[in-house]
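no sequence on hand, only this structure:
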């Protein structure tokens, strides 16, 4: 069975604070892919990053960074020096051997100016 | 840029009506998806299509059907709309010829059934 858990339903931070969004996954597949998407108020999901199960390197892209740890089945997302434009719902997702891209329930991030 | 276009942004239908949600992608992707998004439940897969005329049921197919007569177009059909089908519907497409790459999403259709 595949499952993605985003335990944080809502987070509020003050602008310029750092924030980490947690994602824990479950899968029996040895080959799988993990994703993060951003959903701004406009509604369209925007792809942020993909990681495959054989690549545990952390990644940094500007103010965004991702920490993938197979030992704890986690793929956490950190925003450094948050900005108001980061306010959105963020989804973590997983796909393994089946054809279903499983999504977590999302974390709503509000950045307060 | 990949473009996934859903025919309507907002839709209001009456209970019992037959509803068609259309989705078109312009990147020649073989895979297309229909998801439903509800607060607290995230995105749940309704149907998946991996080729023309091919489909697989997702997690919540009851009350829905799909049609894929052309590669670029994937339609979601509500045979007899009910109020519990009021939701945001998201279409996506992807290509897995180089591993399980990301899915690209349309802007969503917010359907209200009254």
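Arrived safely. Owing to the predicted nature of the structure, the values given are computational and were not obtained by experimental measurement. Numbers count the residues shown, from 1 in each chain, chains lettered A, B, ... in the order given.

going forward, measure contacts and count neighbours with C-alpha atoms only.
Fine.

can you tell me the residue of chain B closest to chain A?
Across chain B, the shortest distance to chain A (CA to the nearest CA) belongs to residue B:42, at 3.8 Å.

distance of that residue from residue B:103?
Counting by CA to CA, to the nearest Å, the separation of residue B:42 from residue B:103 is 16 Å.

check residue A:56 too.
For residue A:56, the distance to residue B:103 equals 21 Å [CA to CA].

those two: which has the busier surroundings?
With neighbours defined as other CA atoms under 10 Å in any protein chain shown, residue A:56 and residue B:103 compare such that residue B:103 has more, 22 against 13.

near chain B, which residues of chain A are found?
Contact residues, chain A versus chain B (CA under 8 Å from any CA of the partner chain): A:33, A:35, A:42-47, A:50, A:91, A:95, A:99-106.

show me which of the residues you listed are buried.
With neighbours counted using 16 or more other CA atoms under 10 Å in any protein chain shown, these contain these buried positions: A:33, A:35, A:43-47, A:91, A:95, A:100-106.

which strand is the longest one in chain B?
Taking DSSP state E as the assignment, the strand of chain B that covers the most residues is strand B:42-51.

tell me the mean pLDDT over that one?
Confidence over strand B:42-51, taken as the mean pLDDT, stands at 92.

nearest to chain B within chain A, name that residue for me.
Here the residue of chain A nearest chain B is residue A:105; by CA to the nearest CA that distance is 3.8 Å.

in what helix or strand does the most centrally placed residue in chain B lie?
Centre of chain B computed as the mean C-alpha position; nearest residue by CA atoms, centre = their mean is residue B:34, 2.6 Å away. According to DSSP states H and E, residue B:34 maps onto strand B:31-38.

could you pull up the mean pLDDT of that strand?
Over the span of strand B:31-38, the pLDDT mean works out to 95.

quick check: bridge partners of residue A:11?
When assigned by DSSP bridges, residue A:11 has beta-bridge partners residue A:109.

that one: how many residues sit nearby?
Around residue A:11 sit 15 other residues, with neighbours defined as other CA under 10 Å.

I figured it was touching residue A:108, is that so?
Yes: the pair residue A:11 and residue A:108 qualifies as a contact (CA atoms under 8 Å) at a distance of 6.2 Å.

so the nearest residue to residue B:45 once chain neighbours are set aside bridges to which residues?
With CA to CA, 6 or more residues apart in numbering or on different chains as the measure, residue B:35 is the residue that lies nearest to residue B:45, at 4.5 Å, once sequence neighbours are left out. On the basis of DSSP bridges, residue B:35 is bridged to residue B:45, residue B:90.

ok now do residue B:35, which residues does it touch?
Residues touching residue B:35, when contacts are defined by CA atoms under 8 Å, 6 or more residues apart in numbering or on different chains, comprise B:43, B:44, B:45, B:46, B:47, B:89, B:90, B:91, B:92.

what separation do you get for it and residue A:2?
Look at residue B:35 and residue A:2: by CA to CA, they are 17 Å apart.

what's the span of stretch B:48-68 from first residue to last?
Terminal-residue distance, stretch B:48-68 (CA to CA): 10 Å.

picking that back up, out of the contacts of residue B:35, grab the one that's most surrounded.
Comparing the contacts of residue B:35 by number of neighbours (other CA under 10 Å), residue B:91 comes first, having 31 neighbours.
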